Structures are given as structure tokens and as C-alpha cells.
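Chemist: What follows is a predicted protein model with its sequence.
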Amino acid sequence: MERLNRLVDQLWELLKLQFFWYVLILRGGVILGVFPATAGAYSVVRDKLRNKSVSFTFKEVKKYYQESFKMANLIGWMLSILTVFIGWNWLLVPTIAEPIIKTMMYGVLVIFSYLVVLLWTYLFSVLSHYKLQFSHYLLLSLQMGLTHFSHTILHFILFSMWVLLFYHFIQIGILIGIPIIIYIQLYINMYLFQKSVQPA
């Protein structure tokens, strides 16, 4: 019975965090809310993993939301624009007639696509754990992805499973999808953080 109660409590905390995430996205008018809301959710989950607790409050999430507002929006939208640009080039390259140029362009796109995926994979974990300058967030995210290849592969596998699960059970994704992927990513990355510099 105690285990069931604990499971219900944890599920309730996941529901709360997802709701707080929605509220803060709306607070930022969606466009300016989605990235700081996500950064705030990562930060409170990181705190709870370190303190072995699962209790979330809106005040905590809002505090991190406000602290990361500028940096999260700057990095998040820069990466979004870069992602769209790379995606547009994937559509453009097949129209190139010259085979050599087309092959070179595919090679460049593969490299840049991989780097962007690494940035999306590690960025919010790094943003939640360190107080750094703009460029250092990007460099540290890339460093983690490139030097810990096994953890990167694990991220990709678990993220693919997460996408498939919530594709087939969209209601679960709407209710607790964001907290679950945050827990997965941070649980993997906490080990890497311990081997790096101390958090701010």
C-alpha cells in the first residue's frame, strides 16, 4: 500500500509540473514562454534529483523561469532558426544537378544536423545546471554529446521510445509527457555533471 501511495504522489507531481509548464508558456505569450518554461521545469527536476525529493511548487518553477528567461529564449530561438534552416537545406539539396556538389552538401548537412541534435539533447540540462556565458552553454552541450557517445546513444534510444509511446498514447503525453522526458534526460546527465565542473 505504501508503494502505491508513493506512486500516486509521484504521478501527481508529474501532473503538477506539466500544468505549471503550460501556465508559464502562456505567461510568456507562447512564443517567449516555451523555452524559459522548459528551462524552469528542467531546473526544478534537477533540484529534486539532487535532494532526493519529488515535490514541486509553482513558486519554484516560476523563479527559474524568470532567471532563465533571456538566455533560454536567446539560445532556444537561435537553435530553432538553425534547425529550420538545416531542414530547408535538406529539401533544397536534392534539386542540385551537380553530383559532386550534391554529395558535399549532404556531408555538410549530416555533420551540422548531428551537431544540432546534440545541442537540443543536452542544452536544457546544461542550462539548468550551470551559470555560464552564451557561447559556453553551446560548447559544453556539444562537448558532452561528443565525448560521451554511449550516453548520447542512450538519449536517442530513450527519446525514440518516448516519442513512440506518446504517439500511440497522446493523452499521456499531454498530461505528463514533458516531465517524463526531463527526468530521463537529467537522470542520465547527472552522472556526467558530477564528472565536470561544479554547478553554480
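Modeler: Done, it's in.

Chemist: Residue 76 contacts residue 37, correct?
Modeler: No. Counting by C-beta atoms under 8 Å, residue 76 does not reach residue 37; the two are 10.3 Å apart. (Glycine included, C-beta is placed from N, CA and C.)

Chemist: who's more crowded, these two?
Modeler: residue 37 (28 against 21; other C-beta atoms under 10 Å).

Chemist: which stretches of this structure form helices?
Modeler: 2-27, 34-51, 58-67, 69-92, 99-129, 134-147, 149-168, 170-194 (DSSP state H).

Chemist: so residue 151 makes contact with residue 185?
Modeler: No. With contacts counted by C-beta under 8 Å, residue 151 stays clear of residue 185, the gap being 10.1 Å.

Chemist: The two - which one has more neighbours?
Modeler: Between residue 151 and residue 185, counted using other C-beta under 10 Å, residue 185 has the larger neighbour count: 21 against 17.

Chemist: now the more buried one: how far from residue 192?
Modeler: Taking C-beta to C-beta, to the nearest Å as the measure, residue 185 falls 11 Å from residue 192.

Chemist: okay, the helices of the chain, which one's buried deepest?
Modeler: Ranked by mean neighbour count, the helices of the chain are led by helix 34-51 with a mean of 22 (mean count of other C-beta atoms under 10 Å).

Chemist: Any stretches of this structure with poor pLDDT?
Modeler: Counting by pLDDT under 70, the chain contains low-confidence ranges at 1, 52-54, 195-200.

Chemist: which residue is nearest the middle of it?
Modeler: With distances taken as C-alpha atoms, centre = their mean, residue 124 lies nearest the centre of the chain, 4.6 Å away.

Chemist: which residues touch that one?
Modeler: Shown in contact with residue 124 (C-beta atoms under 8 Å, 6 or more residues apart in numbering): 38-39, 42, 72, 182, 185.
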